[in-house]
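Peer 1: Kindly return the folded structure for what I paste below:
(one chain, ligands or ions: 1)
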Amino acid sequence: MSILDQIIRDKKTEVQLRKSLIPESSLEGFGLFDRPTTSMRNSLKARNTGIIAEHKRRSPSKAIINQKGSVSEIVSGYSKAGAGAISVLTDGKYFGGSLDDLLLARASTSLPLLRKEFIIDAYQILEAKAYGADAILLIAAVLTKEELQSLCSSAHALNLEVLLEVHSKKELEFSLHAGADLIGVNNRNLKTFEVSLDISRELCHLIPDAVGKISESGLGDPMELKELKQLGYEGFLMGETFMKTADPGNALREFLKKTEG
Ligand SMILES: O=C(O)c1ccccc1NCC(=O)[C@H](O)[C@H](O)COP(=O)(O)O
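Peer 2: Predicted coordinates for the structure are as follows:
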C-alpha cells in the first residue's frame, strides 16, 4: 500500500470520528462560518510573484522540517514579507498540523487562507469554512470525476475557491470539467515523492487561460520560478524552502528579492 493510500484510509476513519464529535449543524454555528471570504486567485494575481507560502511542520517525505516557530509568528512573517496567500496543512498524523493551526493562522493574517488537507468528504469543506479558510485543495489522484465535481460545488456554495491538484495529463483531462478556480500542477509524485519541474513545464499549455495556473512543490530556485512564470504560472505553492529556515518570513522576503530583482 502506498503512503497516499494509507493517508486516505486513515482520513476516512478520522472524518467519521470528527463527524460524530461535531455535527455539521454545529460547524455552521461557529463564529467564522459566515465570514466573507477573499479570493486567493485575485490576491495572487495582484502580486508580481504570487506565492502561496505554506505552514508545514513535517511531511511523509521529510520527518522534520520545522517544529519550533509558532503558527502566528510564521504566518505574520509570511504576510509581512509579501506572500499572496497562506497554506496551512491541517492533517495531524502525517504532517503534524491541525484545524487549530488554521484558526491561529486566521487570527494572524488577512491574506486568503488555503486549507491544505486530503479532502474526501463535504464535511471537511464545512470545517474549512468554520475554521477561517478562503480556499480548499482537492487532489485528483484520490477522487473520482464525480467526486471532484460534487466537492467543487460544495466549496463554491460556501464561497470557497478550489485549487485542484493534478500530477499527470490524464488527471488534468478528467479534472478540467470539475469547475475549479485554480489548477495546481504538483511537481512531487505523491506515490514515490520524486520531484521534477518537468511536469509543470509539460502541463502548463494544456490548462485553459480561464483557470488560474499554480505550480506546486519542490520550488526553491529563483531562476526556475522565473521560467515557470514566463510559461504562464500565476502562483507558486512553496513550503519546505521557507519552513526549513529559522525565519520563514525572512526566507520568503529574500526569495522574492531574487525572483523579482
Ligand atoms: O510533502 C510531502 O512529502 C507530501 C507527501 C504526500 C502527500 C503530500 C505531500 N505534500 C503536500 C504538498 O502538497 C506540499 O506540502 C506543498 O506542495 C509544498 O511543497 P514543498 O514546497 O516541496 O514543501
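Peer 1: what number of residues lie near Ile74?
Peer 2: Look at Ile74: counted by other CB atoms under 10 Å, it has 29 neighbours. (Glycine included, C-beta is placed from N, CA and C.)
Peer 1: That one contacts His55, correct?
Peer 2: Yes - counting by CB atoms under 8 Å, Ile74 does reach His55; the two are 5.6 Å apart.
Peer 1: Identify the contacts common to the two.
Peer 2: Shared contacts of Ile74 and His55 (CB atoms under 8 Å, 6 or more residues apart in numbering): Met243.
Peer 1: who in the stretch 151-261 of the chain is up against the ligand?
Peer 2: By CB under 6 Å from any ligand atom, the residues of the stretch 151-261 of the chain that approach the ligand are 190, 193, 216-219, 237-241.
Peer 1: quick one: the helices in this structure?
Peer 2: Ranges of helices within the chain are 3-21, 24-27, 40-45, 71-81, 99-108, 122-130, 145-157, 169-175, 198-203, 222-231, 240-243, 248-260, based on DSSP state H.
Peer 1: Dump the ones you listed into JSON lines; add distance to Leu89 as well.
Peer 2: Converted to JSON lines, the helices of the chain look like this (distance: least, CB to CB, whole Å):
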{"stretch": "helix 3-21", "distance to Leu89": "12"}
{"stretch": "helix 24-27", "distance to Leu89": "20"}
{"stretch": "helix 40-45", "distance to Leu89": "16"}
{"stretch": "helix 71-81", "distance to Leu89": "11"}
{"stretch": "helix 99-108", "distance to Leu89": "7"}
{"stretch": "helix 122-130", "distance to Leu89": "13"}
{"stretch": "helix 145-157", "distance to Leu89": "18"}
{"stretch": "helix 169-175", "distance to Leu89": "21"}
{"stretch": "helix 198-203", "distance to Leu89": "21"}
{"stretch": "helix 222-231", "distance to Leu89": "21"}
{"stretch": "helix 240-243", "distance to Leu89": "10"}
{"stretch": "helix 248-260", "distance to Leu89": "14"}
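Peer 1: Go through those and name the closest to Ile65.
Peer 2: Closest approach to Ile65 among the helices of the chain is made by helix 240-243 (4.8 Å; CB to CB).
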